[in-house]
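>>> make a model of this:
(one chain, ligands or ions: 1)
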Amino acid sequence: MEDLKNYVRSVPDFPKPGILFYDITTLLMDPVGFKKALDEMEQFVRSKNADKIISIESRGFVFGAALADRLHLGLITARKPGKLPYRTISEEYNLEYGTDSLEIHSDAVTKGEKVVVVDDLIATGGTLKAVCKMIERLGGEVAGISVVIDLSFLPWREKLAGYDVHYLISYDSEKV
Ligand code: AMP
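This is a model prediction of the structure:
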């Protein structure tokens with residue numbers, strides 16, 4: 001799977017100085033790269049016998065939607081505040097400076113449902129943790145977490161201890 005790195009572009013100083021941004025638009029633009037990523041994620045999600053996939057705004061939607069179609073599973077969208085029209089629940093998480101939050105519809109998960117969480121990249125794990133909390137608040141079970149990119153030099157493992165986290169490629173330092 002390491003060759004998937006050939007499809008990911010690293011952009012220094014985006015969105016602000018000092019951040020190395022891992023850009024998956026180049027992977028999405030290549031039908032071979034995108035299919036490789038989806039094939040691998042599909043295997044993991046299938047092995048979880050989940051009822052639904054939950055994807056995180058906005059790059060997570062691309063992978064989550066394709067996987068939901070491949071596996072014939074329902075898709076939940078976790079969105080930035082104020083975007084979902086019906087009753088919602090929300091969870092805050094920490095950013096480098098300040099906080100942000102995500103929402104899902106309060107009827108998106110029903111008691112006992114198994115849900116796999118899908119996003120493009122895991123950094124501190126705060127975003128994924130917030131989504132896991134919302135699933136559990138609604139009585140669902142987090143069956144697993146699937147992302148394309150792991151930033152292994154960041155301490156997400158502690159935050160997501162107990163969850164089965166699957167990723168396709170790892171970067172172990174902030175180098176281009
Ligand atoms: P975190 O909550 O710290 O795990 O951040 C994960 C979210 O932020 C994901 O939805 C990513 O899309 C985005 N993100 C964080 N750091 C980066 C990065 N270096 N390159 C690209 N996306 C990032």
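
>>> could you list every residue that touches the residue positioned nearest the centre of the chain?
The centroid of the chain falls nearest to D119 when counting by CA atoms, centre = their mean (1.7 Å). If you count contacts by CB atoms under 8 Å, 6 or more residues apart in numbering, D119 has them with S55, I56, R59, G60, F63, T127, L128, I145, V147. Where C-beta positions appear, they are placed from N, C-alpha and C, glycine not excepted.

>>> dump the residue contacts of the last one.
V147 makes contacts with V118, D119, D120, L121, I122, L128, V165, H166, Y167, L168, as judged by CB under 8 Å, 6+ apart.

>>> ditto for the fifth one
Each residue near F63 by CB under 8 Å, 6+ apart is listed here: A37, L38, M41, S55, V118, D119, D120, S146, V148.

>>> just the ones of the residues you listed in strands?
When DSSP state E defines the strands, the subset of the contacts of F63 inside them is S55, V118, D119, D120, S146, V148.

>>> report pLDDT for the second one.
What that stands for is V118. pLDDT, the model's per-residue confidence, is 98 for V118.

>>> now do the spatially closest residue to it that is not a sequence neighbour, the pLDDT please.
Leaving out its chain neighbours, the residue that sits closest to V118 by CB to CB, 6 or more residues apart in numbering is G64, at 4.1 Å. Here the pLDDT value assigned to G64 is 99.

>>> equivalent analysis for S173, please.
Spelled out, the predicted local distance difference test score at S173 is 76.

>>> now the strands for the protein?
Residue ranges of the strands in the chain, as given by DSSP E, are 9-12, 20-23, 52-56, 74-78, 88-94, 99-105, 114-122, 141-151, 165-171.

>>> longest helix of this structure?
The helix that spans the most residues within the chain, counting by DSSP state H, is helix 31-47.

>>> low-scoring stretches of the protein, by residue?
For the chain, residues meeting the criterion pLDDT under 70 lie at 175-176.

>>> return the residues of it in contact with the ligand.
Those residues of the chain that sit near the ligand, judged by CB under 6 Å from any ligand atom, are 19-22, 56, 59, 119-127, 156.

>>> ok, so of those residues, who is nearest S173?
Taking CB to CB as the measure, S173 lies nearest L20 of the residues of the chain next to the ligand, at 9.5 Å.
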